[in-house]
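*Asks:* Take a look and give me a structure for this.
(chains A, B, C and D)
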Number of protein chains: 2
Amino acid sequence: MPAGRPAKPSRARATARGQLSRAAIVRRTVALADAEGVAAVTIRRLATELRVTPMALYWHFPSKEDLLDAAVDAVLAEVAGVGAAGPWQRRFTALIEELVAALRAHQWVIAAGADRALMREPGLEITDRALDALRDGGFGPQAAANLARSVLHTVLGLVAGDPGPGPTRSAADVADQERRTRQRLESLPADRYPRVVEAAAPLAACADADDYYRAGLDLLLAGVAALAPGSAQRPTAART
Amino acid sequence: MPAGRPAKPSRARATARGQLSRAAIVRRTVALADAEGVAAVTIRRLATELRVTPMALYWHFPSKEDLLDAAVDAVLAEVAGVGAAGPWQRRFTALIEELVAALRAHQWVIAAGADRALMREPGLEITDRALDALRDGGFGPQAAANLARSVLHTVLGLVAGDPGPGPTRSAADVADQERRTRQRLESLPADRYPRVVEAAAPLAACADADDYYRAGLDLLLAGVAALAPGSAQRPTAART
DNA sequence: ACCTGAACACCGTTCAAGT
DNA sequence: ACCTGAACACCGTTCAAGT
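*Replies:* Have a look, this model is predicted:
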C-alpha cells in the first residue's frame, strides 16, 4: 500500500476550498476519455485541467493504472442499477443490453481493462446478476461461470468493434472512410475474393451501429438459448 | 505517401551486407511482441536489437502505427493457408478455429488492431472464406456480412479475455492470482453476491484455457447454427 | 494532510546531414 | 538509396521539500 487516501478525509474543509479528491479526478478522467479517447488521458493533461501539479494526482492514486481502474469502475457502476424480474432469458437479455449501452457510451473502458473490473466491486454486481439468470436457466455453477465469462468477453469484443463515429472519428470521417472502403473492396480481383466483392457494400457499410449491435446480440443470445439445458438444439453438430 | 520502399530494392546488395528490410523489422516486431507484449515494442528498442539507429526504421515505415499494422498482417497471413472442403458449418468452424489458434499465439494483435487488418490484404482471405461458408449456409450477402463482422469481433473479444499465462504473466503468477481471487470471492457477503460466492471456484479458475475457448466457441457456433436459415430455433423468443 | 518543484529515464518523431 | 546524429516535445514516476 504505497499511497491512497489515509484515515481522516476531513470532507468539510476539503469541499470548502477547491481541493482535489479521488471523485473529482475520476470524473475528469472519464470526461476526458469520453471526449478524446483513452490515449488522451495523461497525468499531465489531467493535472493542468484540474489546475494542479502532475504530482498532486499521485497523492490520491499510487499510479496511472490505478486511476484508470477507478475510472472503469465508475463506468460499470452506472449499469448496476436496474432491478431484475421476469423469466431468466428476459433478465439475461436486459442485463446484456444495459451493459452494452454503458460500454457504448464509454468505449475506452474496454481497452482500459473492463474485463478485470468485472471481478471488482461495481462489476461484481453485473457478474452476479448474469450468474443468477443463467442458474435459473438450468446451468450449473460451473457451466454458468464459464458461459458468463464467454458472454461478457464476447460483449466486450462486440463493443470494441463498434463501427460508428467515436471520439476519434467524426460522422463525416466514418462516411468518408466507408465510401473509400467500398470502392477498394469493389475493385478487388473477383476471382480471389469473390464473396468480399459480392458483399462490398454491406461490408463497408458501418453507418448503422444499431444494426451491428442487434446482429451481434442476436447471435450471442441465440447461442445462449441453444446451449441452455432443455433446449432441443445442441451445438454438437457444428463441431468436430 | 510520405515514405516506404521506393522503386529499386536492389535485393542483391541488400542481403549481402547486414542491411535492414521491412521483413526483418516486422519479424523482430512480432518476436518482441510475442515475448514481452506489445507495450514492449518500441522504436528505440527495436533499433537497438537490430543494431541500428532508431531513425533507420523510419525509412522503411512512415510511422510506428504502420509498422504495427504490418506486424498484424504478418500474423494474419499465417491463418490464410488451409483449403476449404465439406459442409458449410464444418468449414466455418475450421476457419474460426484456425483464426483462434493464430490469435492465441499472438494475443497482442488484438490490441494492435486485428479488426482493421481483416479488411486488408492477408485478412481479406479470412473474411472471404467466412463469407463463403455463410453464403452456402443460406445467408444473403447482407446478412452474411453482418454476421461475419459480429463473429469476428466476438472471436477477438474471446481471445482478448484469454485467462491463461501470457508473455506478461507466468504460469505460477496465474495460479497464484487464481488462489487469491477465489479467496476474495468466497469471503464476499453472500447476501449481496450469492451467485458469485456460490461459483467462486469456477469464476476464479482460469487455469484451463482450452475449456475457456471450447465454451466460447460452442456459444458462438451454437448462435450461428441457430440463426441459419432453415434452423427451427430463431432467437426472437429471447428478445424484447 | 496535501501539494509543489526539480529531476530522471524514457517515448515517437522532425530535420538536416552524411555516404 | 539507406542510414546517422542531434534535437524537440512529450511521457510516467521518484525524491526531497514546502505549508
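
*Asks:* contacts and neighbour counts: CA atoms only from here.
*Replies:* OK.

*Asks:* Run the chain-centre distance for stretch A:51-71.
*Replies:* Relative to the mean C-alpha coordinate of its chain, stretch A:51-71 is positioned 22 Å out (Cα atoms, centre = their mean, to the nearest Å).

*Asks:* What are the buried residues along that stretch?
*Replies:* Within stretch A:51-71, the residues that qualify as buried by neighbour count (16 or more other Cα atoms under 10 Å in any protein chain shown) are A:Leu57, A:Trp59, A:His60, A:Phe61, A:Leu67, A:Leu68, A:Asp69, A:Ala70, A:Ala71.

*Asks:* Go through those residues and flag which are in helices.
*Replies:* Filtering the buried residues of stretch A:51-71 for membership in helices, criterion DSSP state H, returns A:Leu57, A:Trp59, A:His60, A:Leu67, A:Leu68, A:Asp69, A:Ala70, A:Ala71.

*Asks:* Please report how far the spatially closest residue to A:Trp108 that is not a sequence neighbour lies from B:Asp115.
*Replies:* Closest residue to A:Trp108 apart from its sequence neighbours, by Cα to Cα, 6 or more residues apart in numbering or on different chains: A:Val38 at 5.7 Å. Counting by Cα to Cα, to the nearest Å, the gap between A:Val38 and B:Asp115 amounts to 18 Å.

*Asks:* again with A:Asp218
*Replies:* On the measure of Cα to Cα, A:Asp218 and B:Asp115 end up 20 Å apart.

*Asks:* between the two, which one's more packed in?
*Replies:* The residue with the greater number of neighbours, taking A:Asp218 and B:Asp115 and applying other Cα atoms under 10 Å in any protein chain shown, is A:Asp218; the counts read 24 against 19.

*Asks:* any idea which element the residue most central in space within chain A lies in?
*Replies:* For chain A, the residue whose C-alpha lies nearest the mean C-alpha position (Cα atoms, centre = their mean) is A:Leu103; its distance is 3.5 Å. A:Leu103 is located in helix A:88-105, with elements delineated by DSSP states H and E.

*Asks:* you'd agree A:Ala112 is up against A:Ala70?
*Replies:* No: using Cα atoms under 8 Å, A:Ala112 and A:Ala70 do not qualify as a contacting pair, with a distance of 10.2 Å.

*Asks:* if we can go back for a sec, am I right that the residue nearest to the centre of chain A is in contact with A:Val159?
*Replies:* Yes: with contact defined as Cα under 8 Å, A:Leu103 counts as touching A:Val159 (6.8 Å).

*Asks:* quick one on the thing from earlier: nearest to A:Thr29 among the ones in helices among the buried residues of stretch A:51-71?
*Replies:* Of all these, the one with the least separation from A:Thr29 (Cα to Cα) is A:Ala71, at 6.6 Å.

*Asks:* Correct me if wrong: that closest one contacts A:Leu32.
*Replies:* No: with contact taken as Cα under 8 Å, A:Ala71 and A:Leu32 are classed as non-touching, separated by 10.8 Å.

*Asks:* Now the buried residues of stretch A:51-71 in TSV, please, with extra columns for pLDDT and distance to DNA strand C.
*Replies:* Output for the buried residues of stretch A:51-71, formatted as TSV (pLDDT from 0 to 100; distance: Cα to the nearest atom of the strand, whole Å):
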residue	pLDDT	distance to DNA strand C
A:Leu57	98	7
A:Trp59	97	6
A:His60	98	7
A:Phe61	98	10
A:Leu67	98	14
A:Leu68	98	18
A:Asp69	98	19
A:Ala70	98	17
A:Ala71	98	18
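
*Asks:* Quick check: which of those residues are also close to chain B?
*Replies:* Among those, proximity to chain B is found for none (Cα under 8 Å from any Cα of the partner chain).

*Asks:* Reformat those into CSV and put distance to B:Pro87 next to each item.
*Replies:* Conversion of the buried residues of stretch A:51-71 to CSV gives the following (distance: Cα to Cα, whole Å):
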residue, distance to B:Pro87
A:Leu57, 59
A:Trp59, 61
A:His60, 59
A:Phe61, 56
A:Leu67, 50
A:Leu68, 47
A:Asp69, 46
A:Ala70, 48
A:Ala71, 47
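
*Asks:* My read is that A:Tyr123 contacts A:Leu76, right?
*Replies:* Not quite, residue A:123 is Gly, not Tyr. Yes: contact between A:Gly123 and A:Leu76 holds when scored by Cα under 8 Å: they sit 6.0 Å apart.

*Asks:* Now the common contact residues for these two.
*Replies:* Listed as contacting both A:Gly123 and A:Leu76 by Cα atoms under 8 Å, 6 or more residues apart in numbering or on different chains are A:Ala117.

*Asks:* low pLDDT regions in chain A?
*Replies:* A:1-18, A:81-83, A:206-207, A:232-240 (pLDDT under 70).
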